[in-house]
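Novice: Whatever this is, show me its structure:
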Amino acid sequence: MTKHDVDPVTPAPGPLPESAFARIDLAPDRRFYDQPRFVQHIDDGAIAAVTATIARHVRPGADVLDLMSSWVSHLPPAEVMPLGRVAGLGMNAGELAANPRLTEWTVHDLNADPALPYPDGSFDACVVTVSVQYLTRPDRVFREVARTLRPEGVLIVSFSNRMFPTKAVRVWQETPDDERPALVAEYLRQAGGFGAPEVEAHLPRRGWFGGGDPLWAVVARRTG
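Specialist: The predicted structure follows:
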């Protein structure tokens, strides 16, 4: 089933302890991401759901920040949705250089330094696609996203049930799939600067032989 309308998300209550962001692999992230991975991390149906969600919430000509980017951005094709500036920030230079949708890119480790290297009010939209599970300080990162968005700028955080388990934070792994939108909403509440988030879900039917990847998108707009 696919939900194209958005529903309100109820955040999980209370601050999260530092132990919630523990990970199995304690080595610096730059080592893990040192080699490029030119693979898709979700299936075609989930990719289409990400692209459709972006098309519904990002206006043509917008300046977009692709946070935790790689060699693909899952943005609508340029001939369908022309955009202005598309800045990619990620961990691997080879992947970022291979992304044809980016107009610029920066290698930056958000877990080492949550500060974003952009002035206030630089972007109309920010997308975080199938990567939020790796943030060890998501409240600080999303506070920076709010700073770099223009008023009413939109943040779209999309995720599935796939992950690198050694790098995903403990709270993500211990939260059931259908409760993760509320976890992301709590990240945004702690960050501040966003209105009430809403969720869109792409949930393929499950059968005897499995089904496609589920996809959730938490959508919030910068206030002020």
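Novice: Show me which strand runs longest in the protein.
Specialist: The strand spanning the most residues in the chain, taking DSSP state E as the definition, is strand 149-159.
Novice: what's the following helix or strand after the lowest-mean-pLDDT helix or strand in the chain?
Specialist: Taking all helices and strands of the chain together, the one with the lowest average confidence (mean pLDDT, DSSP states H and E) is strand 2-8, at a mean of 47. Toward the C-terminus, strand 2-8 is succeeded by helix 29-32 as the next helix or strand (DSSP states H and E).
Novice: What mean pLDDT does that next one get?
Specialist: Helix 29-32 comes out with an average pLDDT of 81.
Novice: Give me the buried positions along that helix.
Specialist: If you call a residue buried by 16 or more other CB atoms under 10 Å, then helix 29-32 has these buried ones: residue 29. The way it works is simple: take the backbone N, C-alpha and C, and place the C-beta from them, glycine included.
Novice: for the most centrally placed residue in the chain, phi and psi?
Specialist: Computing the C-alpha centroid of the chain and ranking residues by CA atoms, centre = their mean puts residue 128 first, at 1.9 Å. Backbone dihedrals for residue 128, given as degrees, to the nearest 10, come out at phi -130, psi 110.
Novice: Check residue 164 too.
Specialist: In this entry, residue 164 is assigned phi and psi values of phi -90, psi 110 (degrees, to the nearest 10).
Novice: Tell me how many other residues surround it.
Specialist: Using other CB atoms under 10 Å, residue 164 has 15 neighbouring residues.
Novice: is it true that residue 137 touches residue 21?
Specialist: Yes - taking contact to mean CB atoms under 8 Å, the distance of 7.2 Å between residue 137 and residue 21 places them in contact.
Novice: which residues in the chain form helices?
Specialist: Using DSSP state H, the helices assigned to the chain run over residues 29-32, 44-57, 93-97, 138-148, 170-174, 180-191.
Novice: wait, which of the ones you listed is closest to residue 114?
Specialist: Counting by CB to CB, residue 114 lies closest to helix 138-148 out of the helices of the chain; the figure is 3.9 Å.
Novice: list the buried ones in the closest one?
Specialist: Along helix 138-148, these residues count as buried under the neighbour rule (16+ other CB under 10 Å): 138-148.
Novice: ok so, going back, who does the residue nearest to the centre of the chain bridge with?
Specialist: Beta-bridge partners for residue 128, by DSSP bridges, are residue 67, residue 157.
Novice: what sits against it?
Specialist: In this structure, residue 128 makes contact with 67-68, 155-158, judged by CB atoms under 8 Å, 6 or more residues apart in numbering.
Novice: Any chance of a markdown table for those, columns pLDDT, neighbour count and distance to residue 218?
Specialist: Supplementary listing: those in a markdown table, determined by pLDDT from 0 to 100; neighbours: other CB atoms under 10 Å; distance: CB to CB, whole Å:
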| residue | pLDDT | neighbour count | distance to residue 218 |
| --- | --- | --- | --- |
| 67 | 98 | 27 | 14 |
| 68 | 96 | 19 | 15 |
| 155 | 98 | 27 | 8 |
| 156 | 98 | 21 | 8 |
| 157 | 98 | 28 | 5 |
| 158 | 97 | 27 | 8 |
